[in-house]
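> model this:
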Amino acid sequence: MPYFRKIVGERLYLSPVSGEEAEKYTRWMNDLETTLNLTTAPQIISLEKEKQMLELFQKEGYNFAVVQKENDELTGNCGLMNVDLVQRTAELGLFIGEKKHRGKGYGTETVQLLLDYAFNLLNLHSVYLRVRSFNEAALRCYPKLGFKEIGRRRECVLVGGSYYDEIYMDILDREFVGSIAVERMS
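Modelled structure (predicted):
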């Protein structure tokens, strides 16, 4: 697959999304373990529907493929949604689709790269996210990067007969440590 190194980290880089990986994305989007932390878990995603979504991601928005630097393997997806360039805000979303790459810090590195892009290229002021209270890995990851809890919707997510909270977290540009211009351009 042709990937393009837009934002480069230690082990990963962010590339524009490629529609050529539609089958892999379709597999991920129909895997309950992968989507349980996303809003797409109850949906049935056909190959055609995923191709349409990837085409949309290619045309608009701030969406990236998460790719292994070492071998150019597609590992996941991330992006900024609800971007407001006037108020300088956005919502962050990501997933690591390849199960073999979970629990290895790739999610943390992906968020770091996406925040670099958000704060140092888009010049955003605030980035927020939503995380379900049962997503322990994310709840360990986000505070390490500077995210702070700003609120929660109690028992608004029903999964397997149990209710869970949806936690809102954000980070401001002045709280973020990292700079594309300084670290990656030298």
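> Where does the prediction get shaky in the protein?
1, 179-186 (pLDDT under 70).
> for residue 94, helix, strand, or coil?
strand (DSSP: H, G, I helix; E, B strand; the rest coil).
> what number of residues lie near it?
21 (other CB atoms under 10 Å). C-beta here means a position set from N, CA and C on the backbone, and glycine is covered the same way.
> okay but it is in contact with residue 107, surely?
Yes - using CB atoms under 8 Å, residue 94 is in contact with residue 107, at 6.6 Å.
> Now do the buried residues in whichever strand or helix holds residue 24.
Taking DSSP states H and E as the criterion, residue 24 maps to helix 22-29. Using 16 or more other CB atoms under 10 Å as the test for burial, helix 22-29 gives 22, 24-29.
> Contact partners for the residue nearest to the spatial centre of the chain?
Taking CA atoms, centre = their mean as the criterion, residue 94 is the residue nearest the geometric centre of the chain, at 1.8 Å. Residue 94 is in contact with 66, 76-79, 107, 110-111, 114, counting by CB atoms under 8 Å, 6 or more residues apart in numbering.
> And the furthest pair within those?
The span of the contacts of residue 94, defined through CB to CB, is set by 79 and 107 at 13.9 Å.
> which one of these two has more residues nearby?
residue 107 (24 against 20).
> Is that one located within a strand, as I assumed?
No - going by three-state DSSP, the assignment for residue 107 is helix, not a strand.
> Was I right to think it contacts residue 137?
Yes - assessed by CB under 8 Å, residue 107 is found in contact with residue 137 at 7.0 Å.
> So for those two, which residues contact both of them?
Counting by CB under 8 Å, 6+ apart, nothing touches both residue 107 and residue 137.
> show me what contacts the residue of the chain most remote from its centre?
Distance from the C-alpha centroid of the chain peaks at residue 161, with 27.0 Å (CA atoms, centre = their mean). Contacts were defined as CB under 8 Å, 6+ apart; by that measure residue 161 touches no other residue.
> list the buried ones in whichever helix or strand comes after the helix holding residue 24?
Next along the chain after helix 22-29, taking DSSP H and E as the criterion, comes helix 32-35. Residues of helix 32-35 classed as buried: 34-35 (neighbour count, 16+ other CB under 10 Å).
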